[in-house]
Structures are given as structure tokens and as C-alpha cells.
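**Student:** here is my input, please return the structure:
(chains A, B, C and D)
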Protein chains: 2
Amino acid sequence: MSLRIALLGLLTAYGSASGYDLTKAFEKSVAHVWQAGHSQIYPELAKMTADGLVTVEAEGARGRKIYAITPEGRAELRAWLVGHDPTGPARNEVALQAFLLPLLDPGEALAVLERLKAYVEHKLAELEALWAIKHSSPVPEGTTGVRFGNLALDLGIRQTRTTLAWANDAIAAIGRRA
Amino acid sequence: MSLRIALLGLLTAYGSASGYDLTKAFEKSVAHVWQAGHSQIYPELAKMTADGLVTVEAEGARGRKIYAITPEGRAELRAWLVGHDPTGPARNEVALQAFLLPLLDPGEALAVLERLKAYVEHKLAELEALWAIKHSSPVPEGTTGVRFGNLALDLGIRQTRTTLAWANDAIAAIGRRA
DNA sequence: ACTCTCATGTAAGGAGTTACATGATTGA
DNA sequence: TCAATCATGTAACTCCTTACATGAGAGT
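**Tutor:** Modelled structure (predicted):
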């Protein structure tokens, strides 16, 4: 369901696009929020066409199909945003490792935490770079006051910083015992 | 893969258990970190038995099967903890809503954020209650210095608090424009 | 007797991943 | 001509969800 919503959102925000374009958009703009590869996107666009949420607006070179969102699609997107409770199932590999960490001896646990910290630092750097780019480039034509994707990026950066702080504290706490 | 790891972790931490017990453990102790229902757990235990990671230690009343982790299972768990990079795919419904929020007009966006805030507050209360219980009850026999699940609970609480702060700031930011 | 909790499973379907497969166009 | 990128799809498989199905034991 959420893939469908993400596609409708991208079509609304960036206008008509091909499956290929949308795949690229997933790799770049939405990557830190939702992921999907072309093998998932193409069939989903076909189903959405059948359901009347999008239409093939034009067909270009190399079999390129340009999809556009329909009024039904817009309604579906709005309904989800306004009505859907985002109670996604909790499935967090980092947290699972944290949960099970006491099963290791302190030395190994420390090593795992250090690796985890490095990963989180790397991710934070990526997100902050994205933020810097967004805030240095000219403002695109506005959809609403807040710029597209910025709220989510802010959330992502805050959560990543929180995870980093947690990792540091956990390292300190375990280090004291090792 | 991670379900398997979670099961091995629970069997290590709490000792031998039945599929039923493990299902309960998922509902309680690991719920904020990983989720799985009995219809996923029973077949997985069967596969793990076939793979030699667990064994049926005993069969009790009502067809109850008690599983125990094997040395191979322990090795598998340890290898995952030490060696697995927890780069789970980013799929976050809250962040997706945040991402798409600027597509709504400010009034509706505010309503969505308020609902989100309520949900996060509720979740935070749950986690803090869990924390309080853990820190008031007597210390169970130690596996390592840090108590089982506490690191993960700390992480969960911090992240939930961060999300709450973000929601408040986002509400303030959009409210200024509405 | 009845109901509740214990206890185990299967089946159908949706969502997601990885790998396979094909062909057009552009630019060096 | 050769490689890269554009562009679309399918197939097989794992993982997860929801619903169906069954029966034993414990307590009232």
C-alpha cells in the first residue's frame, strides 16, 4: 500500500514521470524514507493504471511510458495522508542487535557497538550533506510553505543523531565494565 | 533471517521454550524491536529444527513442544551479532507521511501532525512504563552486566522522544504559516 | 456444560528481493 | 564498434499478514 502512496506522492510533487524516472527518484529523494526497486515499481504502476489511479499520458522513445496521476489517484493519496495511522510494524535490526547485545561478552559487545556507531556516523553525514544541498540551492516552485521532503529529512537527521548519542553512551557504559 | 535470530536470542536469554511461549515473548519483551505472530514462528521453528539450530527437547501436555538452542544455534546467533551489518531497508511510514505532508494544505497538515503526535506520546508512555517496571523489579540472574533488553529500550525511548520533539517543532513551524 | 486459555498448525495472498532477460539509443 | 545508460519487463523465492482450522486441559 505504502509503495502506491509513495508513487502517487512523487507523481504529484514532480509531475508526470516514467517508471524509470520514479525508480531514480526512489534512489535519490525518498531513499531515506522508503525504498523500492524497478522490479517492484513497474508492476505496481501497471496495477495502479488498472485501478485508475494513474494513466499512461504518453509513450516516448525506447518504449518509455509517461505516467500521470488521475483525480482518483489524488483522492487516494489525500485520504491516506489524512486518514492512515502510520503504525508500521516495529522491525528494527539496529534495535534487535541492541536487544541481544548483552548475550555477548563485553569486549565483543563493544566491537559491535563501534561498528554500529561508524555506520550511523556515515548515514548522518549523508543526510547532513543532503540538507546542505537543499538549503543552498534555489527554492523550487512551492507546493506549500514547507519545502518538499524537508520535514522528513529533519526527522531523519534528528533520529540519526539520537542513535549516535545512544551508541556513544552505550559504549561508555559497557566500557566501564569491560 | 532476523526472525530466526530473534528466536535464537530469546531461547538463549530465557532458556528452553515452546512456540507458544516464544509467541508471548514477542508480544511482550521484544515487541518494540521485532514483531512476529505464531503463524510465522511455528514454521520457522520447524525449519530451524531441520537446520539443526534448535532441537525439540521435550513434548508436554496438549502437544506442547519445548525447543532448546543447540551449539550450532549459538554459533549462528553469535556470528550474526558480531558480523551482520544492520542495514535494514529504510521503510518508515511516519517519515513517509512527513515527506508527503507539504502536499496538503497547512490546516490538514496540522491535523495529521497532531494525530501523529498523539500516537507518539502514547508509544512513549508505554515504553516509559516498561522502563519503570524493569527498574523497580529485582535484578534477574545476570547474563552480562547490562540487563537484557535495556539497551534497546533506552534506544527506543530516546528515539520516541526525538520524534515527539520533531512533531512539536513541525506543528509550530506549520502553525506559523497557517 | 461451558468458556477460557493453552497449543499447534495450514493456506492464501501481498510485499519485497534478487536474478534473469531483452532491446534501443547515445556518445566516445 | 563498443560501452554505458536508458527503459521495460518477468520469474523465483523469501518474508509477512490475515484468516481458517482443530483440539486438549483447567476452572467455574
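**Student:** on the three-state scheme, A:Ala68 is what?
**Tutor:** Assigned with DSSP: H, G, I helix; E, B strand; the rest coil, A:Ala68 falls in the strand class.
**Student:** neighbours around A:Arg177, how many?
**Tutor:** Using other C-beta atoms under 10 Å in any protein chain shown, the number of residues around A:Arg177 comes to 11. Any C-beta I mention is one placed from the backbone N, CA and C, and that applies to glycine too.
**Student:** what's the answer for A:Glu27, then?
**Tutor:** Applying other C-beta under 10 Å, we find 13 residues neighbouring A:Glu27.
**Student:** if I look at it, how far off is chain B?
**Tutor:** In this view, A:Glu27 and chain B are 12 Å apart by C-beta to the nearest C-beta, to the nearest Å.
**Student:** try A:Lys65
**Tutor:** Going from A:Lys65 to chain B by C-beta to the nearest C-beta gives 23 Å.
**Student:** was I right to think that residue contacts A:Thr55?
**Tutor:** No. With contact defined as C-beta atoms under 8 Å, A:Lys65 does not reach A:Thr55; the gap is 10.1 Å.
**Student:** can you tell me if the helix or strand hosting A:Arg78 touches DNA strand C.
**Tutor:** According to DSSP states H and E, A:Arg78 maps onto helix A:71-83. No. No part of helix A:71-83 sits near DNA strand C under the criterion C-beta under 7 Å from any atom of the strand; the closest distance found is 12.1 Å.
**Student:** which helices and strands sit right next to that helix?
**Tutor:** helix A:2-14, helix B:93-100, helix B:106-136 (3 or more C-beta pairs under 8 Å, 6 or more residues apart in numbering or on different chains; DSSP states H and E).
**Student:** one more time with 10 Å
**Tutor:** helix A:2-14, helix A:38-50, strand A:54-59, strand A:65-69, helix B:93-100, helix B:106-136 (3 or more C-beta pairs under 10 Å, 6 or more residues apart in numbering or on different chains; DSSP states H and E).
**Student:** pLDDT of the fifth one, averaged?
**Tutor:** This points to helix B:93-100. The pLDDT scores in helix B:93-100 average 96.
**Student:** ok, it near chain A or not?
**Tutor:** Yes. Residues of helix B:93-100 are located near chain A by C-beta under 10 Å from any C-beta of the partner chain, namely B:93-100.
**Student:** quick one, phi psi at the residue nearest the centre of chain A?
**Tutor:** Computing the C-alpha centroid of chain A and ranking residues by C-alpha atoms, centre = their mean puts A:Val33 first, at 1.4 Å. Per-residue torsions, A:Val33: phi -120, psi -40 (degrees, to the nearest 10).
**Student:** can you name the residues that contact it?
**Tutor:** A:Val33 makes contacts with A:2, A:6, A:26, A:149, A:152-153, A:155-156, B:90-100, as judged by C-beta atoms under 10 Å, 6 or more residues apart in numbering or on different chains.
**Student:** go with 6 Å
**Tutor:** A:Val33 makes contacts with A:152, B:92, B:95-96, B:99, as judged by C-beta atoms under 6 Å, 6 or more residues apart in numbering or on different chains.
**Student:** how far does stretch A:9-26 sit from its chain's centre?
**Tutor:** Distance of stretch A:9-26 from the chain centroid (C-alpha atoms, centre = their mean, to the nearest Å) equals 14 Å.
**Student:** okay if I get the helices and strands packed on helix A:71-83 as TSV plus mean neighbour count?
**Tutor:** Formatted as TSV, the helices and strands packed on helix A:71-83 follow (neighbours: other C-beta atoms under 10 Å in any protein chain shown):
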stretch	mean neighbour count
helix A:2-14	21
helix A:38-50	15
strand A:54-59	15
strand A:65-69	19
helix B:93-100	25
helix B:106-136	15
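**Student:** could you dump these to JSON lines with distance to B:Tyr42?
**Tutor:** Below are the helices and strands packed on helix A:71-83 laid out as JSON lines (distance: least, C-beta to C-beta, whole Å):
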{"stretch": "helix A:2-14", "distance to B:Tyr42": "28"}
{"stretch": "helix A:38-50", "distance to B:Tyr42": "29"}
{"stretch": "strand A:54-59", "distance to B:Tyr42": "40"}
{"stretch": "strand A:65-69", "distance to B:Tyr42": "42"}
{"stretch": "helix B:93-100", "distance to B:Tyr42": "28"}
{"stretch": "helix B:106-136", "distance to B:Tyr42": "27"}
